[in-house]
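In: here is a sequence together with a model predicted from it:
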Amino acid sequence: MTMQIGEEIPELVKHPTTRQLVQYAGAQGDFYEIHYDQDFARSVALPGVILHGLLKAAFLGQLVTDWLGERGTLKNFEVSYRGIDQPGRPYRCRGRITKVDGAQVELEVWGEDPDGNRTTVGSATVLMRE
Amino acid sequence: MATTTTVERLRARVGDAAPPISATVEAGHLKRFAEAIGDPNPRWVGEAPPTYLVALIPVSIHLAEAEEYGKGWLNGGNRFEYMEPVKVGDRITATGKVADVYEKTGSSGSLLFIIFETEYVNQHGRTVARLRGTSIRR
């Protein structure tokens, strides 16, 4: 299978809810109140509860592993959180191939809010099987 | 309000390592994690998805003095490096350290950046992953 630089990988749209944030807080063991307590979130100048950065990272991880399947292994995965995201708003995960070097393929990945802002940006490096 | 002393005291913590923490990857926890992130891939029944290690063992070292700075925490970013898959039943030992502390002043005020690095080693003594995380006080 050929990998073309610039090629977009299939997107993944997630629909996070407050319920999912509570579920994720429990699964990760991150009980920082900005992810489930509206009053607390507002008290630290946020518009309301926000998604965990690492939940958005998990969404982007799924974007990459769904695309990759059993064709290779993930070697590096990096994300920077540039903006906040609130539950009840769809979160669109996208990615694009940026470099192909033998079996090593690099992608840029990002998550977009419904206004098209890239609130999370990152990259992934995968090693394709021979 | 930011004080130089808070930042200086935190800078003195750079290089500090937390005691190693070990945990076993349990099928039930892995299932709850995959459900929480909403990833139905059957592969995650036996193998850890890319960000799972942060749920297995807490990654940041508690720095009480950091809470004197600003109002709250933000996660700036995470970088994972993978050497080997992590599977159900693996016994993982994580060793975390404070890799860097610095302050940045921008148009909207000052931010304090704390960089944590964690190395994950399995029951065979092999490093399976490394994580670098940026925590921000604002």
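Out: Thanks, I have it.
In: identify the residue spatially nearest to A:Leu81, adjacent ones excluded.
Out: No Leu there; residue A:81 is Tyr. By the measure of CB to CB, 6 or more residues apart in numbering or on different chains, the closest residue to A:Tyr81 outside its immediate chain neighbours is A:Gly53, 4.3 Å from it. For the C-beta atoms, the positions are set from N, CA and C on the backbone; glycine is no exception.
In: then A:Arg89?
Out: A:Pro114 (5.4 Å).
In: hang on, the earlier thing: and the residue nearest to A:Tyr81, what's its pLDDT?
Out: If you check A:Gly53, the pLDDT there is 95.
In: do I have it right that it meets B:Val54?
Out: No: counting by CB atoms under 8 Å, B:Val54 is not a contact partner of A:Gly53; they are 10.2 Å apart.
In: shared neighbours of the two, anything?
Out: When contacts are counted by CB atoms under 8 Å, 6 or more residues apart in numbering or on different chains, A:Gly53 and B:Val54 have B:Asn78 as shared neighbours.
In: got a list of what B:Val98 touches?
Out: Taking CB under 8 Å, 6+ apart as the test, what B:Val98 contacts is B:13-16, B:61, B:63, B:114-116.
In: which helix or which strand is home to it?
Out: Using DSSP states H and E, B:Val98 maps to strand B:91-106.
In: before we move on, what about B:Ala34?
Out: helix B:27-37.
In: buried sites along that helix?
Out: Residues B:29-30, B:32-34, B:36-37 are the ones in helix B:27-37 that count as buried (16 or more other CB atoms under 10 Å in any protein chain shown).
In: pLDDT wise, what is B:Thr118 at?
Out: Note for B:Thr118: predicted pLDDT of 95.
In: same question, B:Arg9
Out: 89.
In: nearest spatial neighbour of it, skipping sequence neighbours?
Out: Using CB to CB, 6+ apart and skipping the chain neighbours, the partner closest in space to B:Arg9 is B:Glu65 (5.3 Å).
In: count of residues packed around that neighbour?
Out: By other CB atoms under 10 Å in any protein chain shown, the residues close to B:Glu65 number 14.
In: tell me the secondary structure at the residue nearest to A:Arg89.
Out: coil (DSSP: H, G, I helix; E, B strand; the rest coil).
In: kindly tell me how buried it is, as a neighbour count.
Out: Using other CB under 10 Å, A:Pro114 has 10 neighbouring residues.
In: separation between it and chain B?
Out: Plainly put, A:Pro114 is 18 Å away from chain B if you go by CB to the nearest CB, to the nearest Å.
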